[in-house]
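In: Here is the input, now give the coordinates:
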Amino acid sequence: MKHILIALLLAIHSICAHCQEDNKTIVGIVPVTGTVPGLSRDFLEEVTLRLTQSFVETHRFIVVDRSKFSLVDKERNLQKSESFIDGKVVEQGKSLGAQYLISGDVTHYTNDGQVCKMTISLSVLDVTTGHTIKSDVIDTKGGNHGKTVKRAGILGGALAVGSLVPGVGAVAGVAAGAAAASGGRDYGVSAHEKAFKKSLNDIYPQIQVFVSENFPATFAVVSVEKTTKSGKAAMLLVAGGRSMGVEEGQKMKLIVLQTLVVNGENMTRKKQIATGKVKKVDDDNFCTVAITDETEDVAAAISAHQKIEATTIYED
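Out: The predicted structure follows:
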């Protein structure tokens with residue numbers, strides 16, 4: 001009986017974990033390319049690592065093994081084109097189970113050992129259609145750091161990310177571990193590498209913005225948890241928790257989904273009816289959202305069994 005109970009608990013745990021994974025978007029990070037003078041392969045590896053880390057740390061994505069894109073890396077370098085993503089790449093993404101491919105190309109790079117400037121072009125490709133659906137260009141200016149730059153703040157998470165995502169940042173991960181062991185000092189690191197790392201550290205928030213803006217998280221609104229004296233919704237229970245990267249204070253917009261028949265076809269209309277802020281993260285799966293502004297009666301919409309979603313909002 002005991003063995004049966006243990007097996008049942010393990011099965012339930014497996015099912016729950018599988019359901020959480022099913023709610024995550026699967027992305028493939030294509031190795032970042034760049035053919036500008038002075039930009040080494042190790043530097044490109046570190047840019048790819050930071051791009052991957054920006055997806056991993058949200059807990060909302062499954063990132064496929066980057067090492068599987070080695071063929072893609074070779075093909076793109078041969079083409080010498082920042083926009084090269086052809087049918088072969090799309091098919092490889094499909095074979096890896098990716099829903100989207102994220103590509104990057106360093107189009108401008110200068111580094112005199114004091115100031116490093118980079119321009120990175122980022123794109124999102126929908127594997128289903130083979131079309132690029134989002135693109136952005138980010139740049140930064142780093143340098144003026146005559147003192148030693150500590151890797152702990154720049155690549156401190158590299159070892160963990162490299163462990164979570166096979167094939168990602170093996171060299172950078174080892175370097176971060178060595179830096180941590182030596183108290184964060186960059187022994188033997190050249191001035192050009194220090195300037196590059198400072199620049200990459202400066203640009204990382206922009207990479208995070210790119211992820212937040214292009215991949216907002218969407219969760220189902222479950223119920224009204226608390227109402228005002230007038231009967232309006234004050235607190236909502238939302239099916240998004242710690243495992244999906246939800247944090248207290250995070251802003252969300254509440255969208256009602258309406259099915260309309262247009263020319264004989266069912267179409268979904270998304271209409272914003274309120275905004276809110278995460279008041280409390282209950283656990284891995286749920287959070288409580290406080291209504292901050294309401295244009296339509298949220299409580300009435302829920303009572304009418306209308307489908308309502310809570311979508312994260314990114315603000316500078």
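
In: What's the biggest strand in this structure, counting residues?
Out: strand 265-281 (DSSP state E).

In: in it, what's buried?
Out: For strand 265-281, a neighbour-count test (16 or more other C-beta atoms under 10 Å) marks 273-276, 278-279, 281 as buried. Glycine gets a C-beta too; all of them are placed from N, C-alpha and C.

In: For it, report the contacting residues that lie outside it.
Out: 233, 235-236, 238, 241-242, 246-261, 287-296, 298, 301, 308-310, 313 (C-beta atoms under 8 Å, 6 or more residues apart in numbering).

In: 7 Å instead?
Out: The contact list for strand 265-281 (C-beta atoms under 7 Å, 6 or more residues apart in numbering) reads 235-236, 241-242, 246-260, 287-296, 298, 301.

In: which of those residues count as buried?
Out: Buried, going by 16+ other C-beta under 10 Å: 235-236, 241, 246, 250, 252-256, 287-289, 291, 294, 298, 301, out of the contacts of strand 265-281.

In: just to revisit the earlier point, as TSV, the buried residues of strand 265-281 with pLDDT and distance to Pro37 would be great.
Out: Compiled in TSV, the buried residues of strand 265-281 are given as follows (pLDDT from 0 to 100; distance: C-beta to C-beta, whole Å):
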residue	pLDDT	distance to Pro37
Ile273	95	53
Ala274	95	52
Thr275	95	48
Gly276	95	50
Val278	96	46
Lys279	96	52
Val281	95	47
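
In: export the residues you listed to JSON lines and tack on distance to Val222?
Out: Output for the buried residues of strand 265-281, formatted as JSON lines (distance: C-beta to C-beta, whole Å):
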{"residue": "Ile273", "distance to Val222": "16"}
{"residue": "Ala274", "distance to Val222": "15"}
{"residue": "Thr275", "distance to Val222": "18"}
{"residue": "Gly276", "distance to Val222": "13"}
{"residue": "Val278", "distance to Val222": "14"}
{"residue": "Lys279", "distance to Val222": "15"}
{"residue": "Val281", "distance to Val222": "15"}
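
In: from these, which two are the most distant?
Out: Pairwise distances across the buried residues of strand 265-281 (C-beta to C-beta) peak at 23.2 Å, for the pair Ile273 and Val281.

In: who does the longest helix seen in the chain touch, helix- and strand-wise?
Out: Ranked by residue count, the top helix of the chain under DSSP state H comes out as helix 191-214. Counting contacts by 3 or more C-beta pairs under 7 Å, 6 or more residues apart in numbering; DSSP states H and E, helix 191-214 is packed against helix 41-56, strand 100-111, strand 115-126, strand 131-143, helix 151-155.

In: let's see it at 6 Å
Out: helix 41-56, strand 100-111, strand 115-126, strand 131-143 (3 or more C-beta pairs under 6 Å, 6 or more residues apart in numbering; DSSP states H and E).

In: in the stretch 201-316 of the chain, which spans are helices?
Out: Applying DSSP state H, counting those that start in this stretch to the stretch 201-316 of the chain gives helices spanning 298-303.

In: pLDDT weak spots in it?
Out: 315-316 (pLDDT under 70).

In: Can you tell me the element Ile26 falls in?
Out: For Ile26, the host element (DSSP states H and E) is strand 25-29.

In: tilt between that strand and helix 191-214?
Out: Counting by axes from the mean of the first three to the mean of the last three C-alpha atoms, to 10 degrees, strand 25-29 points 150 degrees away from the direction of helix 191-214.

In: ok and strand 25-29 relative to strand 115-126, angle-wise?
Out: Using the same axes, to 10 degrees: strand 25-29 against strand 115-126 is 130 degrees.

In: does Val298 really touch Ala233, like I thought?
Out: Yes. The pair Val298 / Ala233 is scored as a contact, 4.2 Å apart, by C-beta atoms under 6 Å.

In: if we can go back for a sec, for the helices and strands packed on helix 191-214, which one sits closest to Val27?
Out: The minimum distance between Val27 and the helices and strands packed on helix 191-214 falls on strand 100-111, with 4.9 Å, by C-beta to C-beta.

In: for stretch 49-62, how far is the first residue from the last?
Out: Chord length of stretch 49-62, first to last residue, is 15 Å (C-alpha to C-alpha, to the nearest Å).
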